[in-house]
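*Asks:* this is the structure alone, sequence omitted:
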C-alpha cells in the first residue's frame, strides 16, 4: 500500500488544480489546506482571499477559520466581507472559489444546509456562510468532499450553492445556470477517490482521474456515487511526489488538524 | 458706526444658531467659519463633519476646503463620502446641515448650479457638491449668503437643494417637502442683513432679526428681497460681544481669508 | 445629537437590552465575539431575542441553547473546525414547534443587509442568491411571521430588472435594523472611538445600523491617545452609546494581539452541548455559578489564560496546539 | 488573475489611455489630485475623454480647457475658495453647441455610483436627489446621448417603491464604469499596495471600479515594508495595473504630509483661465514647454517647493498664507 492517506491524496489533487497567479477565495478546512499547499509549491503568486476580509494571506501556521489571526499576519491590506464578497467577488475579480459541502449532485450543485426536509430537517448543518455567494459569482469553483453514496446524490436535499442546473426564481424549477443569468460554474470535484469534471455540453459530472495507486477502482467510484457517472475517460492520477507530501506534512498541516496523521 | 463688518456679524449670527452637542455637516467658507466660531465658544461638543470624509474635526488653522489637511489633523477617525454622506447623513445622524448658495427663494430652495436656463446658462456655478444631499437628508439646514435682490429671488433658476417646496418626480411640479417623502428642511437663512426663519404652517420665509446696530433697516431687507417678506416680528439682533469678535478674528480666521479684514 | 458615551458596568450595560430585541453580535465565527456581554445576557435571562450575527459562532449557539433567542436571520452558525453547533441543531432538527426559528442567508447578502441598515436604506441590490434555494419564497421559513413582526421585512427578497445597463435581473435584500449591537474590541476611547486590530469584520456596520451600541473592550483608553493615528481607528464614537471595560471579554474566541482561541473551552462546550441536560449543567457551572465576568475569569485560572496569550506582533499564540482529539491538559478548574 | 503590476514611466503610463476613455480622477477638489498624470494627458493630446471625478477640481477644469474632455458626470467642478472654474464655465455658458457636455450629480450619489461600479452592480439605491432639479428627466443634459453612447446608462435614474418596510420611494442611480482610474498617492508598494494618508476620498472605489488603474506616487516602496501595518494601507494591489514614481505629482493640489496647496499656482491659473487666449498661453508655458514632469518641477523651482513643504505630523504647512488677494511673492520662475 501507499505511504500516504486518501485525505492527503485528496488535498494534493486539489492543490494541483490551482494555477499560479490565480485569485482564489477559499473556505476553511480542506480547501485551505489544498490552496496553501499550492501556494507553498507550484503557485506562489496565488492571491488567497477569505470571506471574513482576509486578502493575500500567506500564513506561517494553518488558520483555523477564515478570520484567524494566522491568516491576517503580514497581509498587505485588510478588508471586510463587504469588500471581499460584495466587491471583489461580485465584480468578477475572483478566478477560483474553493468549497466543501455535505452533498453534491451530478451538476455540481452543493448542499451545506440540511439533510431531509428544510422545514423539519433530519440533520441541520452550519449553513451557507459564503459558499452560495462564491458558487454564484466566482469565475469557476472547485469542490472538495469525501466520496460517499450519501454525499454524491441524485438530488441535493437543499440547493445551497448553485452548480450547473439551478433554481428559477420564484418557482424553484431547475434550469441551466446561464438561463438564470449566472456566469462561472463548477470546474472540478475532488474527492477521496478521484477528480471529477463536467462535460462541456451537458454539464454532467464524469470521472477524469482516480486514485489508482491507492487501490481505488472505477467500480468503487460508481458504487459510491448515487447517480450514473461516466468513468470511460478516467486515468490514474499521478502519485504524490515527495515534495508535495513534505510540504503538506511539514509546512501546511504539521499538527494534522485536517490530515489527522 | 460699529467696529465690525456685516460679514463678521453674519458669521456670528450663524454661529449662534448652533447648539452644543449637535452633529453638523458643514460646507467650506462661511458655514465653516460660523461653525468653528461656535465650536470655539459656546458649543465645544459640536461634532463637525465634512463631506469629503472628515469626522469630528477641530482644526487649529482654517481649512480651505472640506478635504484640507487642516481639518484632518488629530481627528479620531477618517471616512469617505460613502460613510459621511451615504451612511451618517442618510441614516439621519446629522442634526444640522450648514450651506451657502447663489440664490434662495421664500421656501428656502437653494440654487448653486446656474443663472439663466440650465441648458444654456448665463452663468454657470460649481454645482451641488454635497449641498443637495445635505438639504435633502439633514434634520435641519441653515443657509448663509449675501442679502441681495438677485439672490433672494421669487423663483430659483435651478432648484439644486430642496427647501420647503420641492420638485415632484418626474414632472417637476412644486409640491410640499413632506409630500415628496422628505424629512428635515430649512431652519434659518443668515444673510448680510439679518436672520430669517420659516413660518411653521406655510413654510414661508420671514425676518426674525436684523442687524439694526449696523444701520440695517427692515425696508432695506424688503428692498433686497425679490419676494414679499414679513418683517412684522423682526427684532434687532444682539450685537457681537468682544469674545465672539476675538475668537473670530484671532482664532478662526486670523488671515481674513473669508472675513476680508 | 452625538451619543453621549456612558461608561457602565457589565451588569448595567446588559440591563439596557430588552426582551424581544433584535441583536447584532460583532466578530466572525470563533473570532472576537462579544462573549462576556453574551454570558451576561444569559445571566439576566433575556427572552425572545432576534439574532442577526453574520456569521454566528459560539455566542449564537449559546443564546439558542440557553433559550434566549426565538428568531435568527443568519448565514452560518458554527464553531468552524472545532465542531458542530449542537444547540442550534437540536433547536431546528425534526422539531414540529421550534422555540427558535432560523432564516438562512449568505455572507455577502448578510453583509449587504447590515450595510443597508447603516446606510439608512430599506434595501441593497445583489447579484448573489440567484439559483439557490435560499432565494425561494417556498423556502422562506419566516414567511408566516413577516406581516406580524415589525422587526421583519415584509418579504425575504425581491427581484427587479436593471433599468440602466444590460437589463439583468438583480436581487434586492432588505436592510437589517437591529435594536442592539454588541461588540468586543481591543481598545475603546473614553468618548467611544473604537480601535480594532486584525480585521473589523462587520462591526462598523453593526454599530452604524443599530439603535443601541454596547462596546466592551480589553482597555478603555484616553481618547486623545487614539487621535495620534486616526487611520488605525475602526468605528467613530458617533454611534457608540455604552462602553464597558471587560478584560478577556472575547474568551473563548480569539482576540488578535491579546489571546488565541481556547481549545479546552471548545472541547468541553462541544461535549456538553450535544445534549440539553449536559448543556444545562455546563451553563450552570461556567456562566451562572461564577455569578459575573470576574468569577468566570477566575474560574478559567491564570495558567489557562497564560496558555492562550497571543504574540503581540503575530497576533496569535504560535505555540498552542489546536487539535481537539489530541488536546493535552492545561490548568484551569 | 491578479493584475501584474508594471512600473512604467509617466509617458508610457499615459500612452495606455485611449481617446474616448471614461476617466476617474482621484482626490477631492484641490487635494491630492493626479495632476502629473493629467498634465501628461494634455501633453499627449488625448481627445473625447469622459470624466467622472467626484468632485472635480483643477484637473477637470484643465482637461476641459485643454479640449481633452467632451462629457462629464460630475457633482462639482471648482477650486474651492481659491476661485471659479473658468474653463468649465466658458465651455457651458451660453453655448449652442458645447464641446463639453456636463451632467450634474451630487457628492453622495456620485459616491454611490462609483461604489456600484466597484461592487459590480448595475445601480445602488439612495434617498437623496428627491425634490431636486437634478433628478428630473427634463433637466437631463445627456438624454440625447444615452441610447447611443455605451459608456452612458440608458437613463439618468429610476424610482422604485421599497417592497420591504415603509414603502417609501427610493431613487436608483446607475453605476459608473470607468475605463481608466488615475490616482496620486503618498506611497505605493512595488506590488501595488497603496498607502494614503489624510483621507482616501473615493480613490479605493475608483480603483476597484475601473478597468485600468494607474497610480502615481511620491515613493515606490518595497511591498514588505507596507505589510508591517496593513491597517494603514488603503487599496489592495489586486486592481493596480501601473505604478509611476512621480515626486510632486499632486502639485498644485495638497498632499497630506508632503506639501500644501500652491496659492501662487492658483493665482496665476485663475487669472489665465478667465480667457481662452491667456489660458492657451498658460498651458503652453506651464505644461507643454516644460516637456515633461521633471521640466515642470524644475520650472517651479526649489524655493517655491520649499515654501509649500508640509509639517510631517500636522500634514499641512502651518506658515503658508493662502489669501490670494494679499499673496506675497515667492521664488519660482
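*Replies:* Thanks, I have it. Quick caveat: nothing in here was measured; it's all calculated off a predicted structure. Numbering: from 1, shown residues only, chains lettered A, B, ... in the order given.
*Asks:* poorly predicted segments of the stretch 51-200 of chain A, please.
*Replies:* For the stretch 51-200 of chain A, applying pLDDT under 70 flags no range at all.
*Asks:* also the stretch 51-200 of chain C?
*Replies:* For the stretch 51-200 of chain C (pLDDT under 70), the answer is C:96.
*Asks:* of all of it, which residue lies closest to chain B?
*Replies:* Closest residue of the stretch 51-200 of chain C to chain B, CB to the nearest CB: residue C:120 (3.3 Å). All C-beta spots, glycine's among them, are computed from the backbone N, C-alpha and C.
*Asks:* pretty sure that residue is touching residue B:90, no?
*Replies:* Yes - contact criterion CB atoms under 8 Å: residue C:120 and residue B:90 qualify, at 4.2 Å.
*Asks:* spit out the residues that contact the two alike.
*Replies:* residue D:127 (CB atoms under 8 Å, 6 or more residues apart in numbering or on different chains).
*Asks:* returning to what we had before: part of a strand, is the residue of the stretch 51-200 of chain C closest to chain B?
*Replies:* No - judged by DSSP: H, G, I helix; E, B strand; the rest coil, residue C:120 forms no part of a strand; its state is coil.
*Asks:* which residues touch it?
*Replies:* B:87, B:90, B:91, B:92, D:127.
*Asks:* please tell me how far residue C:192 sits from chain A.
*Replies:* Noted for residue C:192: a distance of 20 Å to chain A, by CB to the nearest CB, to the nearest Å.
*Asks:* burial count for that residue?
*Replies:* Using other CB atoms under 10 Å in any protein chain shown, residue C:192 is surrounded by 27 other residues.
*Asks:* for it, helix, strand, or coil?
*Replies:* Per three-state DSSP, residue C:192 ends up coil.
*Asks:* leaving out chain neighbours, which residue sits closest to it?
*Replies:* Counting by CB to CB, 6 or more residues apart in numbering or on different chains, residue C:237 is the residue found nearest to residue C:192 once chain neighbours are left out, at 2.9 Å.
*Asks:* burial of the one you found, as a residue count?
*Replies:* 29.
*Asks:* cool, and residue C:114?
*Replies:* By other CB under 10 Å, 30 other residues sit near residue C:114.
*Asks:* any idea where the helices of the stretch 101-250 of chain A begin and end?
*Replies:* A:131-137, A:218-223, A:242-246 (DSSP state H, counting those that start in this stretch).
*Asks:* contacts only, for residue A:234.
*Replies:* Contacts of residue A:234 by CB under 8 Å, 6+ apart are A:194, A:206, A:207, A:208, A:209, A:210, A:218, A:221.
*Asks:* ok, and the closest non-adjacent residue to it?
*Replies:* residue A:207 (4.1 Å).
*Asks:* could I get the contacting residues of that neighbour?
*Replies:* Residue A:207 touches A:194, A:195, A:196, A:218, A:221, A:229, A:230, A:231, A:233, A:234, counting by CB under 8 Å, 6+ apart.
*Asks:* residue C:14 now?
*Replies:* C:37, C:40, C:41, C:43, C:44, C:46, C:214.
*Asks:* are any of these buried, and if so which?
*Replies:* Among those, those buried by neighbour count (16 or more other CB atoms under 10 Å in any protein chain shown) are C:37, C:40, C:41, C:43, C:46, C:214.
*Asks:* how many residues are close by residue C:19?
*Replies:* Neighbour count of residue C:19, defined by other CB under 10 Å: 11.
*Asks:* surely it is in contact with residue C:48?
*Replies:* Yes - at 5.4 Å, residue C:19 and residue C:48 qualify as touching, with contact defined as CB under 8 Å.
*Asks:* residue ranges of the strands in chain C, please?
*Replies:* Using DSSP state E, the strands of chain C run over residues C:6-7, C:22-25, C:49-51, C:69-74, C:101-104, C:123-126, C:158-161, C:169-174, C:180-189, C:194-195, C:212-221, C:242-245.
*Asks:* make a markdown table from those and add distance to residue A:180 to it.
*Replies:* Shown next, in a markdown table, are these (distance: least, CB to CB, whole Å):
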| stretch | distance to residue A:180 |
| --- | --- |
| strand C:6-7 | 50 |
| strand C:22-25 | 31 |
| strand C:49-51 | 31 |
| strand C:69-74 | 24 |
| strand C:101-104 | 19 |
| strand C:123-126 | 14 |
| strand C:158-161 | 11 |
| strand C:169-174 | 8 |
| strand C:180-189 | 35 |
| strand C:194-195 | 41 |
| strand C:212-221 | 39 |
| strand C:242-245 | 45 |
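*Asks:* what does the stretch 151-300 of chain C have sitting close to chain D?
*Replies:* Within reach of chain D by CB under 8 Å from any CB of the partner chain, the stretch 151-300 of chain C has these residues: C:153-155, C:158, C:160, C:162-166, C:168, C:170, C:172, C:174-175, C:197, C:231-232.
*Asks:* try it again at 6 Å.
*Replies:* Counting by CB under 6 Å from any CB of the partner chain, the stretch 151-300 of chain C comes close to chain D at C:153, C:154, C:155, C:158, C:162, C:163, C:164, C:165, C:174, C:231, C:232.
*Asks:* show me which of these are buried.
*Replies:* By 16+ other CB under 10 Å, these give C:153, C:155, C:158, C:162, C:163, C:164, C:165, C:174, C:231 as buried.
*Asks:* ok, the third one - contacts?
*Replies:* It stands for residue C:158. Shown in contact with residue C:158 (CB atoms under 6 Å, 6 or more residues apart in numbering or on different chains): C:172, D:163.
*Asks:* same question for the second one.
*Replies:* Residues near residue C:155 by CB under 6 Å, 6+ apart: residue D:163.
*Asks:* check the fifth one too.
*Replies:* Going by CB under 6 Å, 6+ apart, residue C:163 touches D:155, D:158.
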